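In: From the sequence below, what's the structure:
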Amino acid sequence: MNHQIKRGLHLLLKRASLFLLLCCCVALLPAQGQQLLQKNVQLKQAEGTLLEVLQELQQHQGVTFSYDESILPKKPLKFDKKSWQLRKLLKAIEAQLPIEFRYLNEQIILRKNKKGKVNFSGTIKVDGEQMPGATVYVPELNIGSATDANGYYSLLLPPGRYTSVFSFIGHQQENRTLDLSDDTSLNVNLYPSIDQLGEVVISATQNNEFDLLKMAQTGVHQIDIQQVKDMPMFVGETDIFKGIQALPGIQNSHVGTSNFSVRGGGYDHNLILLDGVPIYNTAHTLGFFSVFNTNALQSAQLYKGGLPAQYGGRLSSVLTLTTKEGNNEKIRVQGGIGVISSNLVVDGPIGKKVTFMVGGRYGYPSLLLNTINKPGAFVAPAFVSSTRNDMNFVDLNAKVKFKLDPKNEISITAFGSQDRFRSQIILPENTYDWYSVGGVINWKHRFNARLVSNIKLFHSQSHYANHQKSNLENTRWSNSIEQQGLKADLSYQFSANHQLNFGVALTHMHLNPGKLETLDENDDLVRYEKLHTKQPVESGIYFDHQFSWKKWQFNYGLRLSSLHNVGIGRERVYDNDQNLTGEKFYRSGEVMSEYYGWEPRASIRYSLNPNASLKASYTRTYQYLHQVGDASIGLPTDFWLPANRNVKPRFADQYSLGYFWTFGNEATYQFSAEAYYRQSHRVIDYLDNADLFMNDAIETQISTGDEVAYGLELMLKKKKGRLKGWLGYTWAKVERNIPGINNNQTYAPNYDRRHNLSLNATYDLGKRWRIAANFQYMSGAGITAPVGEFFYNNQLFNFYSTRNGHRLPDVHQLNLSIILRSKQQKRWQGEWALGVNNVYNRANAFSLSRPQTQIGNVHIYRQFTRMSLFGLMPYISYNFKF
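Out: Coordinates of the predicted model:
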């Protein structure tokens, strides 16, 4: 045995000695080359092409190179000095160009770096403005990308000769042939395919067939603000939210209102961002119009399925709106005059590196509101006036962008909206005032071709006040929400098939749930009552990885969100039977409660063939803010409260599966089918006879439980030809089970509608004439009807039937319009729009009431009465731009 061990050790030492000897020989072979590479060389100039540098080194420094001149990149080289060690100089050249150097036989061989990629990047402009959501596609490699929020794109491609296709809805496609040997920057400007005045068109998911089929995310819709009005709008008022309501999986609470529910979620489950600023009060005119001036918007995107990890804070959806940043070519003016409002937007350049946009809208909807007490009434002419209702609204948008240098851009956005409504129907004087303001400073920095950052510092505020004055009372009640935030998003592109997005967000809020002032007859303060102000801090950190492999594309990410309630404050303490046992007080800056949520996101796409794909996604979301009030209409009376130890944060898990198909000559038709299933936990609902007004113990008026929503969405779209449009259908169901409500039995929330059908079509009669039609059908909403009353502690309370156990009649309505464009002039472009809402005068129910009479101490209920707001309504508007 010892002999075998010695023999093994001898053999091992022998082989090790041979290996070391071989390594020494190999190391000595390039010794002469190493001496050459350590040689110091002197350049005449600190810049020049690669060919010029090589020729100078050969002629004046005695260095021999071997290369094929046809493969040499033409991109200029730049150096920070003229004196170099040859090795370091060659490394500096390799860092700038896709080539590599090798020493062999006393010469240096130059060849292409086959493993290297070149960066193909730039901006896509639409009518002179950098456009988010425009696309670039390389057919030879089946690789493409959409521009970011600043209209910037970046692709990492292998060197070669390719065709690049640039596109955006409603604009002429631009094809460019590229010979990529080194990093290339290309800025492209797309022009309208027809004369346009810039209204709303809906497109399934993204902007073209590539995005529809190739992107992994489900449930994404792009809303383009640059095309002709394709939909007859409510009294002619172009509204982004009305366009969203025509999409599958989206529904409004009542005909004419601007709020929307997404895939069975609550109306407060939608995160709405304007240039990254959260907007809480999104409605004008008590909920009938949104606060967003479409002429001031550049693009919008709605996520209802696979949410990117960078977004958080809501359960159901994210709507991102981007305002125009101003084109850098010329001053442009765009506006419109209608029966409800008028608007004007101006944008253009200020010098060579600054662009601007400023816009405003003024609304005068009193005429419309004065018909509300006459259900189905014909709208009065404009010269008819009334003192019962007096309402007006205004919104303002402004944006300025500074292009500091090729790597740095700063933009500043400001937004404001205000409403004032004075009603004399119920009280001699009843005044409502509400406003929203917001602003953001956005700094975009490109570190290099692969790494880009966006840093936002923003402020948002919404405020509501109601002044009621009569012979019996004189009070003023108000609430508000205010927040400041910082958000940093970074994107790093590893290769053409791999991209990593990551970032952080921090938001500090001030929530004032209610302040009540009692005044005397001279409006002087008599008594003051204010609920405790809440000061939560919400934060998030995330990453999101996108990569593709053959027929597959994957998106996966993770978001860690949190909420910290910070003092000064107090929280009530209850036992297991919900009996109040005491209160806990917190000092300034002390953490009252904290919550964390892990939010995994994942999407996958499999390409069946070039025209069809299957997709699936999973999304978890957390929501730390609760909206209290009747959010179904979107009134500003609703207020917000943070999650706390008595009302925990809500969270939801959504699963989606979709099939997407493009077919027909030149991909004329698009079809999509998506199924979804969502489980929501800790959703809130109100107990019967809940008292929410100036109540500092809201937790005693609500209960929390689980909710399940599932459905099927179908959409067929025709994109080309004289006849264009889309047909959308949704079958959906929502069920809740919340202890203490509906006798602990499962019930449906009021936004549960089984069927939703939307048909939108336009037909070009010629170059100047276009007709459009919109038809909407929805199942009736659920309502909870009072069936009696009872006395408790000398107070009268209603006794209700099954929660949302009654259904309003089904809703359906047809709207028609015709558009006449003015003759083409050198600069001025105008169009008249004439339309009719509710063509066949359908009396769609807005609410249901049950009048009662009192005989002695007995209250007798009459039959239910249905109230419908708007009947047949014609309108006319004029839009222009120059």
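In: Check which helix or strand the spatially most central residue of the chain maps to.
Out: In the chain, the residue lying closest to the centroid (CA atoms, centre = their mean) is Thr320, at 2.1 Å. Using DSSP states H and E, Thr320 maps to strand 317-323.
In: Sheet partners, orientation included, of that strand?
Out: strand 270-274 (parallel), strand 297-303 (antiparallel) (DSSP bridges).
In: And the ones you listed: which comes nearest Ile738?
Out: strand 270-274 (21.3 Å; CB to CB). (C-beta placed from N, C-alpha, C; glycine too.)
In: Which SSE is immediately downstream of the closest one?
Out: strand 277-278.
In: What pairs with that next one, parallel or antiparallel?
Out: Each strand that pairs with strand 277-278, with its direction, by DSSP bridges: strand 270-274 (antiparallel).
In: avg pLDDT for the partner strand?
Out: What strand 270-274 shows for mean pLDDT is 94.
In: Please renumber the chain so that the first residue is 46 from this point on.
Out: Sure, I'll start numbering at 46, so the last one becomes strand 315-319.
In: Can you give the contact residues for it?
Out: With contact meaning CB atoms under 8 Å, 6 or more residues apart in numbering, strand 315-319 is reached by 305, 307, 323-324, 327, 337, 356-359, 361-366, 368, 458, 460, 483.
In: about what we covered before: what lies in contact with the strand holding Thr365?
Out: 177, 194, 285, 289, 307-308, 310, 314-321, 337, 341-349, 352, 356, 402, 442, 444, 458, 460.
In: Any regions of the stretch 746-895 of the chain where pLDDT drops low?
Out: Flagging of the stretch 746-895 of the chain using pLDDT under 70 yields the residue ranges 832-843, 893-895.
In: could you redo the last one with a cut-off of 80?
Out: 829-846, 869-871, 890-895 (pLDDT under 80).
In: And this structure, what are its domain boundaries?
Out: Segmentation of the chain into domains, based on automatic domain parsing, reads 46-75, 83-157, 451-926.
In: re the thing from before, buried subset of the contacts of strand 315-319 as a ChimeraX selection?
Out: Applying 16 or more other CB atoms under 10 Å to the contacts of strand 315-319, the buried members can be selected in ChimeraX as follows:
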select :305,307,323,324,327,337,356,357,358,359,361,362,363,364,365,366,368,458,460,483
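In: How are the helices of the stretch 296-445 of the chain distributed by residue range?
Out: 411-414 (DSSP state H, counting those that start in this stretch).
In: Can you pull out the low-pLDDT segments for it?
Out: In the stretch 296-445 of the chain, residues with pLDDT under 80: 298-303, 330-332, 411-435.
In: show me where it has strands.
Out: 306-307, 315-319, 322-323, 328-329, 334-335, 342-348, 362-368, 377-382, 386-395, 399-408, 434-450 (DSSP state E, counting those that start in this stretch).
In: cool, the stretch 46-195 of the chain as well?
Out: 85-87, 92-93, 110-111, 122-123, 128-130, 144-149, 152-157, 163-171, 174-175, 180-183, 188-191.
In: Just name the most buried of these.
Out: strand 174-175 (a mean of 26; mean count of other CB atoms under 10 Å).
In: who does that one pair up with?
Out: By DSSP bridges, strand 174-175 pairs with strand 163-171 (antiparallel).
In: average pLDDT across the partner strand?
Out: Strand 163-171 shows a mean pLDDT of 80.
In: thought Asp313 was touching Gln672?
Out: Yes - in this structure Asp313 lies within contact range of Gln672 using CB atoms under 8 Å: 3.6 Å.
In: Name the residues contacting each of these two.
Out: Common neighbours of Asp313 and Gln672 (CB under 8 Å, 6+ apart) are Asp683.
In: Give me the more crowded residue out of those two.
Out: Taking other CB atoms under 10 Å, Asp313 and Gln672 do not tie; Asp313 has more neighbours (23 against 18).
In: What about Asn788? Give its phi and psi, please.
Out: The phi and psi values for Asn788, taken as degrees, to the nearest 10, are phi 50, psi 40.
In: Near it, how many other residues are there?
Out: Considering only other CB under 10 Å, Asn788 is surrounded by 8 other residues.
In: and the gap between it and Ser846?
Out: Computed as CB to CB, to the nearest Å, the Asn788 to Ser846 distance reads 11 Å.
In: so can I have TSV of the strands of the stretch 46-195 of the chain showing distance to Glu719?
Out: Listed next are those as TSV, based on distance: least, CB to CB, whole Å:
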stretch	distance to Glu719
strand 85-87	63
strand 92-93	55
strand 110-111	59
strand 122-123	51
strand 128-130	60
strand 144-149	48
strand 152-157	45
strand 163-171	28
strand 174-175	31
strand 180-183	22
strand 188-191	20
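In: of those strands, which approaches Phe588 most closely?
Out: That would be strand 188-191 among those, by CB to CB, at 19.1 Å.
In: other SSEs contacting that closest one?
Out: strand 180-183, strand 197-202, helix 254-259 (3 or more CB pairs under 8 Å, 6 or more residues apart in numbering; DSSP states H and E).
In: Mind exporting the C-alpha coordinates of that strand to CSV?
Out: What follows is strand 188-191, C-alpha atoms only, in CSV (Å, rounded to 0.1, in the frame of the first residue of the first chain):
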residue,chain,number,x,y,z
ILE,A,188,-36.7,43.1,-32.3
GLY,A,189,-38.4,46.4,-31.4
SER,A,190,-39.1,48.9,-28.6
ALA,A,191,-41.5,51.6,-27.6
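In: That one: partners in the sheet, and parallel or antiparallel?
Out: strand 180-183 (antiparallel).
In: Tell me which helix or strand the nearest residue to Asp797 once chain neighbours are set aside sits in.
Out: The shortest distance from Asp797 to any non-neighbouring residue, by CB to CB, 6 or more residues apart in numbering, is to Val779 (4.1 Å). Secondary structure from DSSP H and E places Val779 in strand 768-782.
In: in that strand, what counts as buried?
Out: Neighbour count says strand 768-782 has Lys769, Gly770, Trp771, Leu772, Gly773, Tyr774, Thr775, Trp776, Ala777, Val779, Arg781 buried, by 16+ other CB under 10 Å.
In: can you check stretch 854-865 too?
Out: Within stretch 854-865, judged by 16+ other CB under 10 Å, the buried ones are Asp855, Val856, Gln858, Leu859, Asn860, Leu861, Ser862, Ile864.
In: Skipping its backbone neighbours, what lies nearest the fifth one in space?
Out: Which is Asn860. Pro277 (3.9 Å).
In: which stretches of the stretch 546-695 of the chain have low pLDDT?
Out: In the stretch 546-695 of the chain (pLDDT under 80), the answer is 622-623, 674-682.
In: What segments of it are strands?
Out: Under DSSP E, counting those that start in this stretch, the stretch 546-695 of the chain gives strands at 570-575, 581-594, 597-611, 614-619, 625-631, 636-654, 657-668, 670-673, 684-687, 695-708.
In: what about Pro854, which SS state?
Out: Of the three states, Pro854 takes coil under DSSP: H, G, I helix; E, B strand; the rest coil.
In: pretty sure it is touching Phe891, no?
Out: No - using CB under 8 Å, Pro854 is not in contact with Phe891, being 11.2 Å away.
In: Appreciated, that's everything.
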